[in-house]
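**Student:** what's the 3D shape of this:
(one chain, ligands or ions: 1)
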Amino acid sequence: MTSYIEEFNRIEKPKDYYDNLFAQLEKLNEEYHAFNVINNKTNPGFLFSTKANICVKGFETDAGSKMLKGYVPSFNATAVERILSDKKFAFAGVTAMDEFGFGTFGTNTEVCARNAFDREYAAGGSSSGAAVAVALMKYQVSVAESTGGSIATPAALNGVVGFTPTYGAVSRYGLIDYANSLDKIGVMARSSDDARIVFDMMRGRDDYDTTCAVDKITAERRKKIFVINGMLEKADPSIKTAFEKLLNRLGSTYEITHVDSSIMEMAIAPYYIIAMAEASTNLAKYTGYKYGLMSEDFYKQYNEFFTDARENFGIEAKRRILLGTFIRSESVKDKYYTKALVIRGMLIREMDRMLKEGYILSPTLPIKAPRISDVKKLSPVESYSMDLFTIPPNLGGFPHISFPYDYVDGMPLGAQLVTGHGNDHAILDFVKEWEEGFEYKYKQNLGEL
Ligand code: GLN
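**Tutor:** Numbers count the residues shown, from 1 in each chain. Prediction:
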């Protein structure tokens, strides 16, 4: 598969190319709501968008929350600054997301993005608009962010490539935090080549983020692929069947090894404990005083003022503030938070051992894209359980990539490949090989804008 970025730079563009493109995009966006903001006055160049929690100077960056309505950053996130420093790229706009990244389907926000294949279906989350934008537009890449699967999930549900780098490979400066020990900026694109180009532009040390310390990126190829038995058992039968077909195809090149890992199977609980604990501290600053939507009602009492301001949080954000604050409280923190950290350490060691020898491959989600109306019927715990496969690599900070490989009932399916810390280029190589070597039919169903 070619790089769309390179193809775009080669093709002749008519004079009214951008006017036409943005006129069509604005129309499409009324139906799909991929973008919160469209920058129709952009410079010429290959378009890139940013998830609404990545700061872009002069553009409303509200992290999908009413609390940050009207917040217009006065600076660029490092990742954005680095892309913009290449004049061949141009900023397309800000994409829709679940409030502060809290969600798996993109529905936890005021106006939610729609699946590019069928608007009745969920786009996936939390980087919902980012994936829909790539699926609708041929010459556009989306800069997104993942805490527990927010790049892989929507990429899978919209039939595009979603790449999440090693934790600390891309600076988080200018990212509106969800959970600092888990957040990673990554990229969604139509091909692994394009994901690599953008990743290589964004990554590398940054004085503004001391956790951005991963310099050396390798491409060590593995011959072995691990599949975790107990996890696959939890997937929908239609997903299992499609995934087993994929394994059969890969079996001619790779040694497929089925193993058990109870620690990976139980990763959802420690993830949500850690993520909520961190989220609750990050959200504490939004009091409507220095940060967050400011109320004009200064006559109010102290408690009343802050309580009212915090009404601007959505239901899922409130749930996470309550649970996260409880988890961190003195009387229970060892029971939950400390224990979760211990399990996280065990998970990293176990996955690390496997990833020295091979990749880990799974479906990206245990289900195909659900209808938006069905997502609304899920309980919080049911919804969290859909992160079964995406959580282990995110909790461990391991690079992973979701790539489209099949369809069920006309909706695309993604598979998730994981490798060891810093071996990011290897999984991009793997997907490139997949794109080139196999019957590759998903492309024809994507938008041509
Ligand atoms: N669904 C997960 C959560 O709600 C992951 C979201 C994310 O990666 N931002 O925490």
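
**Student:** for the ligand, what are the nearby residues on the chain?
**Tutor:** For the chain, the residues in contact with the ligand (CB under 6 Å from any ligand atom) are 101-104, 126, 146-150, 178, 275, 387. All C-beta atoms are positioned from the backbone trio N, CA, C, and that covers glycine.

**Student:** With pLDDT and secondary structure added, can I get those residues in JSON lines?
**Tutor:** Shown next, in JSON lines, are these (pLDDT from 0 to 100; DSSP: H, G, I helix; E, B strand; the rest coil):
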{"residue": "Gly101", "pLDDT": "98", "secondary structure": "helix"}
{"residue": "Phe102", "pLDDT": "98", "secondary structure": "coil"}
{"residue": "Gly103", "pLDDT": "98", "secondary structure": "coil"}
{"residue": "Thr104", "pLDDT": "98", "secondary structure": "coil"}
{"residue": "Ser126", "pLDDT": "97", "secondary structure": "coil"}
{"residue": "Ser146", "pLDDT": "98", "secondary structure": "strand"}
{"residue": "Thr147", "pLDDT": "98", "secondary structure": "coil"}
{"residue": "Gly148", "pLDDT": "98", "secondary structure": "coil"}
{"residue": "Gly149", "pLDDT": "98", "secondary structure": "coil"}
{"residue": "Ser150", "pLDDT": "98", "secondary structure": "coil"}
{"residue": "Tyr178", "pLDDT": "98", "secondary structure": "coil"}
{"residue": "Ala275", "pLDDT": "98", "secondary structure": "helix"}
{"residue": "Asp387", "pLDDT": "98", "secondary structure": "coil"}
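
**Student:** ok, so of those residues, who is nearest Phe22?
**Tutor:** Ser126 (25.7 Å; CB to CB).

**Student:** for the closest residue to the closest one other than its chain neighbours, phi and psi?
**Tutor:** In this structure, Ser126 finds its nearest non-sequential neighbour in Asp98, 3.7 Å apart by CB to CB, 6 or more residues apart in numbering. Main-chain dihedrals, Asp98, degrees, to the nearest 10: phi -70, psi 150.

**Student:** what's around the residue nearest to Val259 when sequence neighbours are not counted, how many residues?
**Tutor:** Closest residue to Val259 apart from its sequence neighbours, by CB to CB, 6+ apart: Phe226 at 5.4 Å. If you count neighbours by other CB atoms under 10 Å, Phe226 ends up with 22.

**Student:** and Phe226, helix, strand or coil?
**Tutor:** The local conformation at Phe226, judged by DSSP: H, G, I helix; E, B strand; the rest coil, is strand.

**Student:** Which stretches in the stretch 251-400 of the chain count as helices?
**Tutor:** 262-265, 268-283, 302-309, 315-328, 339-357, 372-375, 380-385, 391-396 (DSSP state H, counting those that start in this stretch).

**Student:** Settle this for me: Leu21 is touching Leu449, isn't it.
**Tutor:** Yes - Leu21 lies in contact with Leu449 (CB atoms under 8 Å); the separation is 6.8 Å.

**Student:** The two - which one has more neighbours?
**Tutor:** Leu21 (19 against 15).

**Student:** List the contacts of that one.
**Tutor:** By CB atoms under 8 Å, 6 or more residues apart in numbering, the contact set of Leu21 is Leu449.

**Student:** tell me which element it falls in.
**Tutor:** In this assignment (DSSP states H and E), Leu21 forms part of helix 17-32.

**Student:** likewise Arg249?
**Tutor:** Counting by DSSP H and E, Arg249 is part of helix 237-250.

**Student:** Show me which positions of that helix end up buried.
**Tutor:** Ile239, Ala242, Phe243, Leu246, Leu247, Leu250 (16 or more other CB atoms under 10 Å).

**Student:** Hey, what's the angle from that helix to strand 224-228? Just curious.
**Tutor:** Angle, helix 237-250 to strand 224-228, by axes from the mean of the first three to the mean of the last three CA atoms, to 10 degrees: 160 degrees.

**Student:** Mind giving me the packing neighbours of helix 237-250?
**Tutor:** In terms of contacts (3 or more CB pairs under 8 Å, 6 or more residues apart in numbering; DSSP states H and E), helix 237-250 is packed against strand 224-228, strand 358-363, strand 400-408, strand 411-418.

**Student:** Let me have the ones you listed in CSV, adding distance to Lys15 and mean pLDDT as columns.
**Tutor:** CSV is the format used below for the helices and strands packed on helix 237-250 (distance: least, CB to CB, whole Å; pLDDT from 0 to 100):
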stretch, distance to Lys15, mean pLDDT
strand 224-228, 49, 98
strand 358-363, 45, 98
strand 400-408, 34, 95
strand 411-418, 35, 97
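
**Student:** I'd like those written out as TSV, with distance to Phe305 added.
**Tutor:** Conversion of the helices and strands packed on helix 237-250 to TSV gives the following (distance: least, CB to CB, whole Å):
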stretch	distance to Phe305
strand 224-228	50
strand 358-363	47
strand 400-408	43
strand 411-418	45
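
**Student:** which one of those lies closest to Asp297?
**Tutor:** Per CB to CB, nearest to Asp297 of those: strand 400-408, 45.4 Å.

**Student:** Please tell me how far the closest one is from the chain's geometric centre.
**Tutor:** For strand 400-408, the separation from the chain centroid amounts to 14 Å (computed by CA atoms, centre = their mean, to the nearest Å).

**Student:** Also stretch 130-137?
**Tutor:** 13 Å.

**Student:** quick one on the thing from earlier: continuing past the helix holding Leu21, what's the next helix or strand?
**Tutor:** Taking DSSP H and E, what comes next after helix 17-32 is strand 35-38.

**Student:** pLDDT score for the residue lying farthest from the centre of the chain?
**Tutor:** For the chain, the largest distance from the centre (CA atoms, centre = their mean) belongs to Tyr299, which lies 41.6 Å off. Tyr299 is assigned a predicted lDDT (pLDDT) of 80.
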